[in-house]
Structures are given as structure tokens and as C-alpha cells.
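Q: have a look; sequence and predicted model below, questions after that.
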Amino acid sequence: MLRAREITKDYTGVPVLEGVSFSLPAGSKTGLIGRNGAGKTTLLRILTGQDDDWSGKVTLERAGSRVGYVSQHFPPFSGSAFDFLMEPTAAVRKRLEELELAMGNGDEKARNRAMEAWGELRAAYDASDGDETEDRARRLLFSLGLEPVADNGVNTLSGGERTALALCRAMLDRPELLILDEPGNHLDLWGLAWLEATIREYPGTVLVVSHNRYLLDRTVGRIIELERGRAREFSGNYSEWRVEKLRGAVAGEMAWKSDQKKIERLEALVKRFREIARTHPDPAWGRRLHSRVTQLGKARERAAERPETERRGPAFSFSSEASRARLALRIQDLTLGFGGRILLDSVSLVVETGERIGLVGPNGCGKTTLLRCVGDPLPGGETGNPAVWVGPSMKIGRCSQHGETLDPAKTVLQSCIDAGAANADGAWKSLSRLLFTRDSLEQTTGELSGGERVRLQLALADIAGANFLVLDEPTNHLDIASCEAVEDALADFPGTLILVSHDRLLLDRVVTRIIEIADAGFTEYDGNFSDFWFRRYGDSVRRLSGNSVDLKSLRKAEPPAAARGPDDGSAARRRGAVEARILALEGERGELEKRLVSARSAGDLPRARDLGNRLAALSARIEKLYDEWE
């Protein structure tokens, strides 16, 4: 579908992309990954023609193929949701009218040019069924549950609604290539399930940038990794890519070390032969020396290149000890509202010390508002709610979506000292592990980027010795490596946790109970996210491989029969057994990955290689079970 060759781009002399080459097979679904700042968005802007200051070549296999693009940021627009969907078509129609007028005016040459341009534009318009755009737009709005706000101003829509609207606009023209930059931003769990189904079922080619590992696992069959300005292609989803990358890194290090040992032995031998040849006039020693020098030169030529050291990622940690108290939090008959709307109506909840709670629900259901009621008030004068009791031995650490827990006028250093750091050296000791520079201490928190605010809030929780973490989307603005570092730290955290997140792998690994907010009330599910999702929705969207998923109907779905009561059917029992096996093996896979990374860091390469082989075999078993489950 698309070929990119030797794409090179720099900013003020600093290289961002250095000879990037890859291809997108027609109909493929490909994930583009890399650390923040690796150049992913820069590459997308080049592919979509928004940046012309680069060298290299990008070609579409079929000239005239339509390309749809959804940016991370919603474009400025002052009209209604329906007007936003129709804007590109309206522009084409207006241009056709202008060309029709031009065909009847001016000299013959101008009329001929206008006629030729009109013919090309009209052919493209007809190929995309432009006359049916209004009907398609209405159907898309209906499927998203957005038809009630179709005539509302775009600026009145939520972030999730605007994300879905931007994706609909990109698909409305039925592009052969769809390019998506973080399309899961602002979508809730239900919106993400709809997005997964949409990407998987899209008939064209899709290139998606995302830090959402679950989405990548469920939607793509190819991975392109951007690292150090270069691109590497891999066949498989994100989890398969990660396993192979870990194994490849271990194998590369082992090969390099083996070659270096061989070279060291030959160097020692050459040195010894040279000493003997100097003291013995026998020509045979000169020939032996020459032979060994030649052998050494060939060994150096054939030696494996030294593997590139992986760039250091943030090292999150939470050093507190769990409280010995029995209760961490009690909510009794709590009612919360916003803007005249009841979000929670007389809800109650008990959280025991050491519990790990995942809080889920549609955007706008009250999750963030509830977290603000837990413990100390946030800046801005909000007061505690008498219906919410927090154990006196609980020391709360917070992370809010947009850094609301931080005072934007305070410096990073002052924020650390307020949290308990003794001095600048103590603050720097904690922050340096999270990739802050020494100069960052003097910045105000209001000057920090979104990712820096997240990292600072988590660092402050560690500095304060928090034993009760209240986290609202702690992986927002973080790249995949940072998300995994947060996941590892929370998995090892011994205290109490209440977590709001759209990162389903994070919820799977660190929580043991799910609280769903729906219809202004709580519904509790024991287990992690996968347990909750299957009990709530059965197999309708778990692997998103069957019928298309309609977001509107998905939000209103009733729990399947298996979740509402006992099911004596043999098929249901077999499915449940396979599902339980999958969940157990997924947990085992996570532990194996962690042990492999530790073995590699410790330099125990034989053990790392063995773990890598076991990890690959385990991943193959998991995929077979998924096939059986489907």
C-alpha cells in the first residue's frame, strides 16, 4: 500500500529520523511504537503531506489512493458535530461549483484547464460516493450514540466524543490508508472496545501510533519500532514483538561476548608469538605470527557488533510499608452531583487495608469526582465529605490526570520538600531515577509537560512514604516503556490502591477488585479487568474477532447469561476453563518477562536465554488458547 525509503529529518541540525525505511502491505494493520520524542508524530506528518522539509521518498502503490489521518489533537472548529463531519465534502462540492463556473468563462485554454480539473475532482468524488456522505455521516453518528449532539457545537463535546468524531471524519471518505495518532486518547473502556473492533474490521490498511499495549495486541499484526532515528519491522502483535526483542537482545549480547573472548585469546596469542619471533631468528615463528595476525584480523571483521545499550527509562518505586490497620476507607451513603446532575446516589463501599481497587465506568460517570473525596482535599478550597472516612494511619499519595494536585506556582524542589524531602540532594536522588535533570528542580510545576507532571506526582508519593495510593490515569502522557515501569512499581507496592485507568493491561496486573460505576451506583466484581469484562460482556468483545461492535449498543449491553447466573452447559464450562487457563498463563508470562529482564541486567546471559526460550514457548501456547477460546 505504501513504501517509505530513507526518510531523513532533523530539527535545527539535530537528527530525528535517519534513513527510515519500511512498507505497509495492503490490508495490513500495523502499530508504530517508540519512546516519547522518537519521531513518531514527525513521521506521520511526513506520510500525510503536512511536512515537506525532509529527504527520502514516500510512494503509494496506487496513485490517487485516499489517505485518512487522525491527529492526537482535535483541530480548531466552530461549527456543529455534523458540520465537522461534512466539512471535507462541503469543500469538494464548493470547488466543483467553482470549476463549473470557470468552464463557462475565460479563454479556451482556461476553460480546458478547468474542465480537466473538474473531471479529476469529480472522479475522486464519485469514487468515494460523495453524494451519499450525509447518509453515511448520520449512520456513523447513530452507531456512536452521538446523534443527540449532532447539531451541538463541537466545543461542547467531551474529549472522548471529539476523538470518536475525528475518527469518523477520517473514515467517512473510505480511505484506502487510515493513519491514527493515539486514537485511544480520551476514550473510556467502552470506547476503546469499539475502537479495537473498528480498526480490526476496517477493510483498508491501518497504521496506528499508540501507547496502549492492549489495543496493539488486539488490533495489529505488524510492529514498526522507531529507535535512535531508525525503523525496525516485525511481524506479530506488541506482546510477540516484546518477547522477540528481549530474546534478540540476549542473543546479541551473548554473540558479542563470545566473539570478544575469541578476539582476546587471539590478541594474547599474537602478543606472545611476536615476543618469540623477536628473540628467535627461526623464520617459522615469523610465519606463525603472520598467520595469527591474519586470523585476528578476520575474527575482528566477522565479530558481531556490540548491541546498542537500551536507553534508560524511568525507575518508579513506592517504598512505604503496608499499614497494620484493618480498614483503609469507608464510604457510607455518599451522594455526589455536578452541574445539577446526580453522579453517585447513596453509594457505600468498604476498602480493607492492602486491597487493590480498579474503578471503571464511562467518561463523565463520576470517577474523578469520587477520588477527590478520598482523604485530604485538593488545592482550591474543596472540603472533605463526611460520608467518606479514611483510616488515621493512611498516608495518601495522589496522581491526578492533569496535575491538579500540584501548585503551578511552586518549584519542583519546593514541592519535593513539602512532600518530605530533606533538601535539594534528597529531592534530586528521587527525581533523577525518573529522568528529571538537575535544572528541573528550579522549574515551576506549571512549566512541566504532561508526562513530567505525572512522573513528579508519583515521585512525591514515594518521597512522602504514602501507603494509600489514589491514582487517576497515572499512565496518561507516558510512553510504553514508562507505562510498564509504573506497572512494575504498582505490582510491587505493598499498600492500598484505588486506581482509575483506561490501561487495561495495568488493571489486569495490579488490581484484585473492580468497582463499576453505572446508573449512579456501584457494582462490584472480584478479580482483575479481564474477569470483570468477561463477566460483564461475555465473548461479545473480549477478542473483538466476530461480529462488528456498535458503541451505542455496547454501552447498553446487559451482562451475558453466564454472568447473571449458573450455566450448566458444557460449552460454557469448557470456555470458562480455557479462559481461566489464559488468565493464569498471562500472569506467568508477565513474571517470566520480569525475570528475563533481571537476568539480563545482572549479566546472567545463559539464564536470560533460557528464560527467553521459555517465554516464546509460553506465548505460543497462549495464542493457541486464544484461538480455542474464540
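A: Looks like it came in fine.

Q: just name the shakiest helix or strand of the protein by mean pLDDT.
A: helix 561-564 (a mean of 46; mean pLDDT, DSSP states H and E).

Q: and whichever helix or strand comes after that helix, how far from the chain's centre?
A: Note on helix 561-564: by DSSP states H and E, the next helix or strand toward the C-terminus is helix 570-601. Between the centre of helix 570-601 and the centre of its chain there are 21 Å (Cα atoms, centre = their mean, to the nearest Å).

Q: show me which positions of helix 570-601 end up buried.
A: Residues 575, 578-579, 582-583, 585-586, 589-590, 592-593, 596-597, 599-600 are the ones in helix 570-601 that count as buried (16 or more other Cβ atoms under 10 Å). Heads up, the C-betas are built off the backbone N, CA and C, glycines and all.

Q: show me which of those residues is closest to Gly37.
A: Lowest distance from Gly37 to these (Cβ to Cβ) belongs to Val597, with 22.4 Å.

Q: correct me if wrong: that closest one contacts Leu246.
A: Yes - using Cβ atoms under 8 Å, Val597 is in contact with Leu246, at 7.1 Å.

Q: leaving out chain neighbours, which residue sits closest to Ser317?
A: Ala489 (5.4 Å; Cβ to Cβ, 6 or more residues apart in numbering).

Q: thinking the one you found is in contact with Ser319, fair?
A: No - look at Ala489 against Ser319 with Cβ under 8 Å: they stay out of range, at 10.1 Å.

Q: and the two? Which one has more around it.
A: Ala489 (19 against 12; other Cβ atoms under 10 Å).

Q: that one - that's part of a strand, no?
A: No - under DSSP: H, G, I helix; E, B strand; the rest coil, Ala489 falls outside any strand and is assigned helix.

Q: for it, give me the pLDDT.
A: Per-residue pLDDT puts Ala489 at 90.

Q: you'd agree Val58 is in a helix?
A: No - counting by three-state DSSP, Val58 falls outside a helix, being strand.

Q: so what's it up against?
A: Applying Cβ atoms under 8 Å, 6 or more residues apart in numbering, we find Val58 in contact with Leu2, Arg3, Ala4, Arg5, Ile7, Ile46, Leu47.

Q: swap the cut-off to 6 Å and go again
A: Ala4 (Cβ atoms under 6 Å, 6 or more residues apart in numbering).

Q: dig out what it forms beta bridges with.
A: Ala4 (DSSP bridges).

Q: how much space between it and Val20?
A: 10 Å (Cβ to Cβ, to the nearest Å).

Q: Val16 contacts Gly37, doesn't it?
A: No - the pair Val16 / Gly37 is not scored as a contact, 8.4 Å apart, by Cβ atoms under 6 Å.

Q: list the helices and strands the lengthiest helix in the chain packs on?
A: Using DSSP state H, we find that the single longest helix of the chain is helix 238-279. Packing partners of helix 238-279 (3 or more Cβ pairs under 6 Å, 6 or more residues apart in numbering; DSSP states H and E): helix 213-219, helix 283-302, helix 605-629.

Q: average pLDDT across that helix?
A: 80.

Q: likewise for stretch 84-99?
A: The model assigns stretch 84-99 a mean pLDDT of 92.

Q: pull the residues that contact that stretch.
A: Phe77, Ala114, Ala117, Trp118, Tyr125, Gly130, Thr133, Ala137, Val154, Arg169, Leu172.

Q: PyMOL command to pick out the buried ones of those?
A: In PyMOL syntax, the buried subset of the contacts of stretch 84-99 is picked out as below (16+ other Cβ under 10 Å):
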select buried, resi 77+114+117+118+125+130+133+137+154+169+172
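
Q: show me which of the contacts of stretch 84-99 is closest to Glu147.
A: Nearest member of these to Glu147, counting by Cβ to Cβ, is Ala137, at 10.4 Å.

Q: helices - which of the contacts of stretch 84-99 land there?
A: Ala114, Ala117, Trp118, Tyr125, Thr133, Ala137, Arg169, Leu172.

Q: give me the number of residues near the residue lying closest to Ala251 once chain neighbours are set aside?
A: With sequence-adjacent residues excluded and distances taken as Cβ to Cβ, 6+ apart, Ala251 is closest to Arg609, at 6.8 Å. Burial of Arg609 is recorded as 18 neighbouring residues (other Cβ under 10 Å).

Q: over to Lys410?
A: Neighbours of Lys410 (other Cβ under 10 Å): 15.

Q: same check on the one 4 residues further on?
A: Using other Cβ under 10 Å, the number of residues around Gln414 comes to 17.

Q: residue at max distance from the center of this protein?
A: Pro281 (69.1 Å; Cα atoms, centre = their mean).

Q: and the contacts of stretch 84-99, which two are the farthest apart?
A: Going by Cβ to Cβ, the pair spanning those furthest: Ala114 and Val154, at 33.8 Å.

Q: shouldn't Val374 be within a helix?
A: No - Val374 is assigned coil when assessed by three-state DSSP, not a helix.

Q: please tell me I have it right and it contacts Val470.
A: Yes - using Cβ under 6 Å, Val374 is in contact with Val470, at 5.3 Å.
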